[in-house]
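*Asks:* missing the sequence, but the structure's below:
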C-alpha cells in the first residue's frame, strides 16, 4: 500500500494550557501528511484544485494515546488504505521517536467546484 | 441524558481556501460546546483544572455531511452519552438552521496534573 | 467616530503553553470585532465579498500590556479612525473588566477579486 | 547583527476564504522563525522556559505587501535588531522566491514564571 512519512515540529502556537499539542491540530498535521504523500507521488493538491478536483473530508477519527509536547519533532506515517472512484481513505500513525502516540484515519470525498461528487482521476483512485 | 446547545458564528480565520469552515475547527467548536454544557451544570472547566482535575481527549470522531460557510451561525447540540469513574463521552450535532451538517463524538479521560488516570468528582461521573 | 464593542470568551484551543491567549489570536479577535461593527452599521462583510469588494489587511499592530487567560471574557472596543476611498483604519482596545490589556490597529485596503485596489462604496469610505 | 532564515510551506488550514495565508498566521511564522534562530545559536526556547525564563510578546507589527498563497514555500529572514537586559527586538522579512511579500517586528519582554520582568541570561541579551 502506498505510504510515506513526514516530520513536523510542534509549534508554540499549537500548544494549549496543558503545555501539549492541542488535539484539533492533529487533523492539520494529517492534512499536511497526506498532501506530502500526494506530492511525492504525482501532483500537488494545489494543482488538483486548479483542475477543479477537490478532496473534502467526509469523516475523521483520531485516537490519542500519549501527549505530544511543545517542540517535539513528530513523525507522521500516512498510508492509503482504501480507494474508490469517489473516495480515498488514509490511515495515520504519529510517532515521537519510536513511540506511537496517536493514530487516526480520514475519508475524503472527491467533489467538483460546486461540491458535487465526481470521479477522481484514475491515477488517484488507483493509488493504493 | 444531559444535553445543551450553543451557537457559534464561523470566523473568517476559520475558513479555508474552499471558503468553508476548515474541518479541524469542528473539534474546537465541540470543545467550546462541552465546556459551556459543563458550565451550565456545575462548574467551569477552568475551576476543575485549578483543582487538579484535567479532562484530556482520548478519542475524537467527526462525520461531515454538508459544509459550513463563512459567517454561518451554527448550533452545536451536545449530549453526555456515557460516563464512568474516569471517562466521559459526548455526542455532538452541528446544525445550520434545521439542517444537520455534521456530527461527532469525543471520549475524555480524567487525569491528574502528571497525566495519570484519576477518578472524576462524583457529580461529573454521574452527570449523564 | 464610529465605534462598537463585542465580547469574546477565550477558548482553550486559543491558549498556549503559558496558559495565556496566544498573541496571534488577537488579530483574529480584531477581525471579528470589525466585522461585527460593519454588520451593526450597514452590511455583513460576507455580502461585500459577494459583491466583489474585498478588504485585505495591509498593516497590523498590537501592543500587549497584560495577558489574557483561558476562559476570560474580553471586551473588544473597535473604532474607525481614518477612511479614504481605498483604505480603512481601525483602532482596537481589549479590556478584561475595566482593565485595558491590549490595544492595536489595522489598515485595510479595498481590492477587487483580482487583488487590485478599487474604491470602496461611499457609505463605507464615509463611515468614520 | 545576528540573523537567520527558515522556510515554511503554507498549510491548507492556514489559508482563508480568499485562498491566501490568513494574516494572523504571519505572527505564528515569526514565532517559529525566531525560535529556530535561537536554537541555531545557543539553546532551545523550551529549555529557557524549563529554566524559568519566559519571553512574552509585548509588541508586534506586520506590513503585508503582497499575499502568500496555499502551498507557497516562504522564506522568513529574522534579525535581532535590539537587545537590553529585559527586552529583545526582532525584525522579520518574508520572501516568496526573491520577492519581499511582508515584513514585521516584535518586541519580547523577559519575565519569570509569575510574569514579572527579569533580566535575560547575558548570552541572550548580548545576542545582537
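*Replies:* Cool, got the structure. Please read all numbers here as calculations on a predicted model, not as lab measurements.
*Asks:* Go ahead and confirm residue A:125 touches residue A:119.
*Replies:* Yes: between residue A:125 and residue A:119 there is a contact at 7.2 Å, judged by CB atoms under 8 Å. Quick note: C-beta positions are derived from backbone N, CA and C, even for glycine.
*Asks:* out of these two, which sits in the more crowded spot?
*Replies:* Neighbour tally, residue A:125 and residue A:119, criterion other CB atoms under 10 Å in any protein chain shown: the higher count belongs to residue A:125, 16 against 13.
*Asks:* Residue B:1 versus that one, what's the distance?
*Replies:* Relative to residue B:1, residue A:125 is positioned 41 Å away (CB to CB, to the nearest Å).
*Asks:* before we move on, the earlier item: hey, what's in contact with both of residue A:125 and residue A:119?
*Replies:* A:85, A:86 (CB atoms under 8 Å, 6 or more residues apart in numbering or on different chains).
*Asks:* Quickly check: the longest helix anywhere in chain A near chain D or not.
*Replies:* As assigned by DSSP state H, the longest helix anywhere in chain A is helix A:25-41. Yes: judged by CB under 8 Å from any CB of the partner chain, helix A:25-41 comes into contact with chain D at A:27, A:28, A:31, A:32, A:35.
*Asks:* Strands of chain A, start to end?
*Replies:* A:3-9, A:54-64, A:73-83, A:87-96, A:99-111 (DSSP state E).
*Asks:* wait, which of those strands is closest to residue C:45?
*Replies:* Taking CB to CB, strand A:54-64 is the member of the strands of chain A nearest to residue C:45, at 24.1 Å.
*Asks:* Paired strands for that closest one, with orientation please.
*Replies:* In the sheet, strand A:54-64 lines up against strand A:99-111 (antiparallel), strand B:54-64 (antiparallel) (DSSP bridges).
*Asks:* Report the buried residues of the longest one.
*Replies:* Okay, so that is strand A:99-111. By neighbour count on 16 or more other CB atoms under 10 Å in any protein chain shown, the buried set for strand A:99-111 is A:101, A:102, A:103, A:104, A:105, A:106, A:107, A:108, A:109, A:110, A:111.
*Asks:* neighbouring contacts of it?
*Replies:* With CB under 8 Å, 6+ apart, strand A:99-111 has contacts from A:26-27, A:30, A:34, A:53-68, A:74, A:81, A:85-95, A:117-120, A:124.
*Asks:* and residue A:55, what is it in contact with?
*Replies:* A:45, A:48, A:88, A:108, A:109, A:110, A:111.
*Asks:* ditto for residue A:66
*Replies:* Per CB under 8 Å, 6+ apart, neighbours of residue A:66: A:96, A:99, A:101, A:102.
*Asks:* Nearest residue to residue A:38 in space, ignoring adjacent ones along the chain?
*Replies:* residue A:45 (5.6 Å; CB to CB, 6 or more residues apart in numbering or on different chains).
*Asks:* hang on, that neighbour packs against residue A:35?
*Replies:* Yes: Residue A:45 lies in contact with residue A:35 (CB under 8 Å); the separation is 5.1 Å.
*Asks:* For the helix or strand bottoming out on mean pLDDT in chain A, list every residue counted as buried.
*Replies:* Among the helices and strands of chain A, helix A:122-125 carries the lowest confidence by mean pLDDT, DSSP states H and E, at a mean of 87. Buried residues in helix A:122-125, counted by 16+ other CB under 10 Å: A:124, A:125.
*Asks:* residue contacts, the residue of chain A most remote from its centre?
*Replies:* Ranked by distance from the centre of chain A (CA atoms, centre = their mean), the top residue is residue A:17, with 25.3 Å. By CB under 8 Å, 6+ apart, the contact set of residue A:17 is B:49, C:12, C:15, C:16, C:17, C:19, C:70.
*Asks:* if you set the cut-off to 10 Å instead, what comes out?
*Replies:* B:46, B:49, B:54, C:10, C:12-20, C:69-71 (CB atoms under 10 Å, 6 or more residues apart in numbering or on different chains).
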